[in-house]
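Visitor: here's a sequence, model it:
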Amino acid sequence: MEELTGEEAIEEDVVEEQKLSTYFTFKTGCNLILGSFDFYVILHTEKGELIDFKPFNYLINESLEFKALENETPDDFTVTVFIIGSEGENPGYSLSSISQFKKGETLDYSCEAGNLSAKTGSFNLVVDNIPNVNGVVTGFSAWNGETSGLLAPGKAVQGNLVSYFGDFDILESKRDYIISVQDGNQNSKYYVLSNYNVGDSLKLDYSNFSNYDKYLEIDYPQHYGLSFSLIGSSSEPKESYALSSIFSTAGLEGVLRAGELNRFDSYDIKFSIKPTPKYEYRYRKVGELPDVVVIPEQPLMSIEDASITNFKFNINLTGYLLKTSYWTNLDGASIKTWTWSVQSKENHYPTIGELPDELLEQYPNLDLEDLRFTQTTFRLNDQETITLWNPN
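Guide: Numbers count the residues shown, from 1 in each chain. Purely as a prediction, here's the structure:
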């Protein structure tokens, strides 16, 4: 073969450069875990062969483009986001893999900072005489229209009554506060607070709270954990209020009553419950409130191979959209902790490849043999997911 002259070689390099095409774009930003030290995005084939990797910075919105010659671009691949939690001898590591990305697709973590009004001061509020019953899930929330307020107030119990109290921010826009309570009688009421000023110490009696315009009722069983939140929003005027915020570590069966107000045209509902120690159900919907939320029975799951490299299991569940399985080294002695999650479709599981040599040299404690399977989350549809913990 005839050797190319310098000028001809340059021309051929230009031609080759022109044939490079972008097969994957990764957009960084604040929708990633904050407070971490280093970030990498790593690409493997579905057979676990390393394609490429790049470092990135979550503090800025940027686009990382992965390119290759047109005849060498992969048709599908697995994308892994590798996050190092902190500097020092024992950093925490988090890896998250998503399989079956297609040529030309984008993974987008970019975001825009919100524009909340400036804080001008605060006032103190006490809400008294709320019915309280042991074992019944109760909750309190107060928001001021800009997704800001008090979700974890102080609490004082006296017999069968409870009081909530706390300091509330006053923003420059000084919008109304909507204060919402789920009480021990399994009822939900609200109060609109408009008259407040910097430095005020105010008291409200629960007897002055009002019923909502409409209710969604959710029957729940005895549980090992429960959370519920409801946010109402309107586009004109643009406002957003928490209408319910409830957390329970354990409790008896009961009913949640989520309230609607006619002033809102959209809702964001989040509900999760853990009926058994190894089963959790989650519901999330944005838009109109559902007519009903039904907690499905726990599926039966057995593990054939718990390794991250050859994960296999059986379950009496079909037709789900995605599954995400998790591994961790909870008993690892050499590092604080590290986790790896793998997302894939129902009848697919990718081959998990080794990390790049450059990263293994920099972080030598990352050994796949240290990982232990903990749980799998199944996305049933656009609104519902379930999580099953390792049955073994």
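Visitor: buried residues of stretch 343-360, list them for me.
Guide: Across stretch 343-360, burial judged by 16 or more other C-beta atoms under 10 Å covers 343, 344, 349, 350, 352, 353, 355, 356, 359. All C-beta atoms are positioned from the backbone trio N, CA, C, and that covers glycine.
Visitor: just checking, the fourth one touches residue 100?
Guide: Yes: Residue 350 is in contact with residue 100 according to C-beta atoms under 8 Å; the separation is 7.4 Å.
Visitor: joint contacts of the two?
Guide: 46, 78, 344 (C-beta atoms under 8 Å, 6 or more residues apart in numbering).
Visitor: does the second one touch residue 47 like I think?
Guide: Which is residue 78. No: with contacts counted by C-beta under 8 Å, residue 78 stays clear of residue 47, the gap being 9.5 Å.
Visitor: when those two are compared, which one has more neighbours?
Guide: Of the pair residue 78 and residue 47, residue 78 is the one with more neighbours under other C-beta atoms under 10 Å, namely 25 against 10.
Visitor: what packs against the helix or strand containing that one?
Guide: Assigned by DSSP states H and E, residue 78 belongs to strand 76-84. In this structure, strand 76-84 makes packing contacts with strand 20-27, strand 38-44, strand 93-102, judged by 3 or more C-beta pairs under 8 Å, 6 or more residues apart in numbering; DSSP states H and E.
Visitor: in CSV: those, plus mean pLDDT.
Guide: As requested, the helices and strands packed on strand 76-84 are exported to CSV (pLDDT from 0 to 100):
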stretch, mean pLDDT
strand 20-27, 93
strand 38-44, 92
strand 93-102, 93
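Visitor: which of those strands is buried the deepest?
Guide: For the helices and strands packed on strand 76-84, the largest average neighbour count (mean count of other C-beta atoms under 10 Å) is found in strand 38-44, namely a mean of 20.
Visitor: parallel or antiparallel, which strands does the next helix or strand after it pair with?
Guide: Next along the chain after strand 38-44, taking DSSP H and E as the criterion, comes strand 50-56. Next to strand 50-56 in the sheet, as set by DSSP bridges, lie strand 38-44 (antiparallel).
Visitor: what angle separates the strand it pairs with from strand 76-84?
Guide: Counting by axes from the mean of the first three to the mean of the last three C-alpha atoms, to 10 degrees, strand 38-44 lies at 160 degrees to strand 76-84.
Visitor: can you start the count at 586 instead of 1 from here on
Guide: With the count now opening at 586, the last piece we talked about shows up as strand 623-629.
Visitor: what residues does strand 623-629 touch?
Guide: For strand 623-629, the surrounding residues in contact (C-beta under 8 Å, 6+ apart) are 609, 611, 613, 617, 635-643, 649, 651, 659, 662-669, 692, 935-938, 940-941, 944.
Visitor: kindly provide the distance from residue 914 to residue 680.
Guide: According to C-beta to C-beta, to the nearest Å, residue 914 and residue 680 sit 12 Å apart.
Visitor: joint contacts of the two?
Guide: Counting by C-beta under 8 Å, 6+ apart, the contacts common to residue 914 and residue 680 are residue 923.
Visitor: still on that earlier bit, so what sits against both of residue 663 and residue 632?
Guide: Shared contacts of residue 663 and residue 632, defined by C-beta under 8 Å, 6+ apart, comprise residue 938.
Visitor: show the average pLDDT along the strand holding residue 663.
Guide: Mean per-residue pLDDT for strand 661-669: 92.
Visitor: name the spans of the stretch 686-835 of the chain whose pLDDT lies under the cut-off.
Guide: Residue ranges of the stretch 686-835 of the chain with pLDDT under 70: 697-701, 732-737, 759.
Visitor: ok, longest strand in the chain?
Guide: Counting residues, the longest strand found in the chain (DSSP state E) is strand 704-716.
Visitor: hey, what's the angle from the helix or strand just after that one to strand 704-716? Just curious.
Guide: Per DSSP H and E, the first helix or strand lying C-terminal to strand 704-716 is strand 724-728. Counting by the same axes, to 10 degrees, strand 724-728 points 150 degrees away from the direction of strand 704-716.
Visitor: and for strand 724-728, what's in contact with it?
Guide: 710, 712, 734-736, 738, 740, 749, 753, 762-767, 778, 813-814, 825-832.
Visitor: can you select the buried ones from the residues you listed in PyMOL?
Guide: To isolate the buried members of the contacts of strand 724-728 in PyMOL, using 16+ other C-beta under 10 Å:
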select buried, resi 710+712+734+735+738+749+753+762+763+764+765+766+767+778+813+814+825+826+827+828+829+830+831
